[in-house]
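Chemist: Fold the following.
(one chain, ligands or ions: 2)
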Amino acid sequence: MVLRYLTAGESHGPALLTIVEGIPAGLWLTADYIDRQLARRQGGYGRGGRQRIEEDRVEILSGVRGGYTLGSPIALKISNRDWANWREVMGPDPEARLDERVVTRPRPGHADLAGMLKYGHRDLRNVLERASARETAARVAAGTVARRLLEELGIEVAGQVLRIGPVEVPPFDAPPEEIRGKVEKSPVYCADKAGSEAMVAAIDRAREEGDSLGGVFEVRVYGVPPGIGSYVHWDRRLDGRLAQAVMSIQAIKGVEIGMGFRAASLPGSAVQDEIFYAPGRGFYRERNNAGGLEGGVTNGEPIVIRAAMKPIPTLRRPLKSIDIFTKERVEAAYERSDICAVPAACVIAEAVVAWEVARACLEKFGGDSLAEIKEALERLQERVRRVTR
Ligand SMILES: Cc1cc2nc3c(=O)[nH]c(=O)nc-3n(C[C@H](O)[C@H](O)[C@H](O)COP(=O)(O)O)c2cc1C
Ligand SMILES: C=C(O[C@@H]1CC(C(=O)O)=C[C@@H](OP(=O)(O)O)[C@H]1O)C(=O)O
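Modeler: Ligands and ions are numbered 1, 2, ... in the order given. Below you'll find the model as predicted:
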């Protein structure tokens, strides 16, 4: 079974669309379940005016009947409320007013200039509409379908923010429900209360200064059986696939697994996780510097993946740029913007990580119905028990 999805939609167009294919039949899936993740993605302290306009809700257009998936493609639609303000400018018909709201001052750090040079656009709006992270609402919808499937297999995902600008906290190491409990109480999705307050203050300072902030978040996946992913070929290594999925989120500039970059400065004895064995428990480790992955294969420990997000490119106090027509030195375009979207990016990363883990699980377990997949998982677990007994 191949799990795949495509998304479509411009930021100020009528809607965002996703078609998810390869989800087995018999999975309980409701719009409410997806909407909870969409709401989390819209949240987090530091978001701009757009989120006061949008109230993301998914419409399930196919592939689900009476709450259960059919095994057929699942089409999902999220309408853009802002479309009402952009209909005349963004419409597909020849009457659209293309001479209005033209963007000619590329923002350093956004896709504006590179996209113009690539596609030959003369209005940077034609670049930013699709480069925008608005598209991640569709990715979260698709990833949340995968997350529902993982739940049925006993696999859970939990994310937390570790840094915003200069404020850093250590990861909260706990079972997923405890991480989620603490993170839900934080305006910046950070498990540390004092850290959250300092992060909010840092965002307020950036807002006053007309600036923006980035940060770091961590996503963990608990309950993953050993043996997911493969070392036999570069594009089957799950560490590489997860890194690609997370790096593809707008403004993510660094990804690490387990100990990550810190491992480069330490000797092997301080990095590699020694192997232990106890009857009944089987093989185990006393630490998880590997982040649950060795050779691109899950080893039974939780997957731990961290990412660094750069600060938002659009600034109220704009950086210098060049007008693409006059070639004059100008200030980059500014209408409105997020100041910090690290909490939102953490939710997006949870979704894309869930997607990639689910895809690798289906490659391992196959099956067209949830029942078949669960049987294959039980067979693997039984085999692991036999080997480790
Ligand atoms: C959730 C989220 C919200 C974002 N909001 C904004 C924004 O309001 N303004 C902006 O200029 N960039 C925003 N970005 C970042 C840009 O989309 C991103 O920097 C741009 O597409 C260029 O891609 P790159 O930074 O990956 O090179 C956001 C990113 C994410 C993940
Ligand atoms: C719309 C979303 O994020 C947008 C991502 C974004 C960008 O350039 O990436 C720019 C902003 O769009 P606008 O100019 O319409 O305010 C953000 O609001 C969203 O996350 O739902």
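Chemist: Helix or strand: which one has the residue nearest to residue 375 when sequence neighbours are not counted?
Modeler: Nearest residue to residue 375, sequence neighbours excluded (C-beta to C-beta, 6 or more residues apart in numbering): residue 367, at 7.7 Å. To be clear about C-beta, it is placed using only N, CA and C from the backbone, and glycine gets the same treatment. Using DSSP states H and E, residue 367 sits within no helix or strand.
Chemist: which residues does residue 283 form a beta bridge with?
Modeler: Assessed by DSSP bridges, residue 283 has beta-bridge partners residue 277.
Chemist: Just the pLDDT for it.
Modeler: pLDDT for residue 283: 90.
Chemist: for it, what are its contacts?
Modeler: Each residue near residue 283 by C-beta atoms under 8 Å, 6 or more residues apart in numbering is listed here: 275-277, 300, 388.
Chemist: at 6 Å what do you get?
Modeler: Residues counted as contacts of residue 283 (C-beta atoms under 6 Å, 6 or more residues apart in numbering) are 275, 277, 388.
Chemist: re earlier: hang on, isn't the residue nearest to residue 375 packed against residue 377?
Modeler: No. Using C-beta atoms under 6 Å, residue 367 is not in contact with residue 377, being 9.3 Å away.
Chemist: okay, these two: which has more neighbours?
Modeler: For residue 367 versus residue 377, neighbours defined as other C-beta atoms under 10 Å are more numerous around residue 377 (19 against 16).
Chemist: and the more buried one, how far is that from residue 276?
Modeler: Distance, residue 377 to residue 276, by C-beta to C-beta, to the nearest Å: 25 Å.
Chemist: now do residue 31
Modeler: Distance, residue 31 to residue 276, by C-beta to C-beta: 45 Å.
Chemist: Which one's more surrounded, those two?
Modeler: More crowded of residue 31 and residue 276, by other C-beta under 10 Å: residue 31, with 14 against 11.
Chemist: ok, that one touching residue 57?
Modeler: No. Residue 31 lies out of contact with residue 57 (C-beta under 6 Å); the separation is 7.1 Å.
Chemist: tell me which parts of the stretch 251-389 of the chain are close to ligand 2?
Modeler: Counting by C-beta under 6 Å from any ligand atom, the stretch 251-389 of the chain comes close to ligand 2 at 335-338.
Chemist: If we use 5 Å, what do you get?
Modeler: residue 336 (C-beta under 5 Å from any ligand atom).
Chemist: coming back round to it: enumerate every residue touching the residue nearest to residue 375.
Modeler: 24, 373, 376.
Chemist: Just want to check the distance between it and ligand 2.
Modeler: As judged by C-beta to the nearest ligand atom, to the nearest Å, residue 367 and ligand 2 stand 34 Å apart.
Chemist: likewise residue 364?
Modeler: Using C-beta to the nearest ligand atom, we find residue 364 at a distance of 33 Å from ligand 2.
Chemist: cool, and residue 321?
Modeler: Going from residue 321 to ligand 2 by C-beta to the nearest ligand atom gives 15 Å.
Chemist: Just to be sure, that residue is in a strand?
Modeler: Yes. Judged by DSSP: H, G, I helix; E, B strand; the rest coil, residue 321 forms part of a strand.
Chemist: so who does the residue lying closest to it once chain neighbours are set aside touch?
Modeler: In space, and not counting its chain neighbours, residue 321 is closest to residue 332: 4.2 Å by C-beta to C-beta, 6+ apart. Neighbour list for residue 332: 105, 107, 318-319, 321 [criterion: C-beta under 6 Å, 6+ apart].
Chemist: so what pLDDT did residue 332 get?
Modeler: Looking at residue 332, its pLDDT reads 98.
Chemist: Would you list the phi and psi of it?
Modeler: phi -60, psi 160 (degrees, to the nearest 10).
Chemist: and it, how far is that from residue 322?
Modeler: Distance from residue 332 to residue 322, counting by C-beta to C-beta: 9 Å.
Chemist: Same question for residue 123.
Modeler: Separation of residue 123 from residue 322 (C-beta to C-beta): 16 Å.
Chemist: for residue 334, same thing?
Modeler: To residue 322, residue 334 is 16 Å away according to C-beta to C-beta.
Chemist: how far away is the one residue in the stretch 251-389 of the chain that gets nearest to ligand 2 from residue 53?
Modeler: Closest contact between the stretch 251-389 of the chain and ligand 2, by C-beta to the nearest ligand atom, is at residue 336 (5.0 Å). Per C-beta to C-beta, residue 336 is found 10 Å from residue 53.
Chemist: okay, those two: which has more neighbours?
Modeler: Per other C-beta under 10 Å, whichever of residue 336 and residue 53 has more neighbours is residue 53, with 12 against 9.
Chemist: Which pLDDT does the model give that one?
Modeler: Looking at residue 53, its pLDDT reads 97.
Chemist: tell me which element residue 384 is part of?
Modeler: In this assignment (DSSP H and E), residue 384 forms part of helix 370-388.
Chemist: try residue 200
Modeler: Taking DSSP H and E as the criterion, residue 200 maps to helix 193-208.
Chemist: list the buried ones in that helix?
Modeler: Buried residues in helix 193-208, defined by neighbour count with 16 or more other C-beta atoms under 10 Å: 195-196, 198-200, 202-203, 206-207.
Chemist: could I get it in CSV with only the CA atoms?
Modeler: Output of helix 193-208 as CSV, limited to C-alpha atoms (Å, rounded to 0.1, in the frame of the first residue of the first chain):
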residue,chain,number,x,y,z
LYS,A,193,6.0,27.5,32.6
ALA,A,194,8.7,30.1,33.3
GLY,A,195,10.2,29.5,29.9
SER,A,196,6.8,30.1,28.2
GLU,A,197,6.5,33.4,30.0
ALA,A,198,10.0,34.5,28.9
MET,A,199,9.2,33.4,25.3
VAL,A,200,6.0,35.5,25.3
ALA,A,201,8.0,38.5,26.5
ALA,A,202,10.7,38.0,23.8
ILE,A,203,7.9,37.9,21.2
ASP,A,204,6.4,41.1,22.6
ARG,A,205,9.8,42.8,22.4
ALA,A,206,10.3,41.7,18.8
ARG,A,207,6.8,43.1,18.0
GLU,A,208,7.6,46.5,19.5
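Chemist: All set now, cheers.
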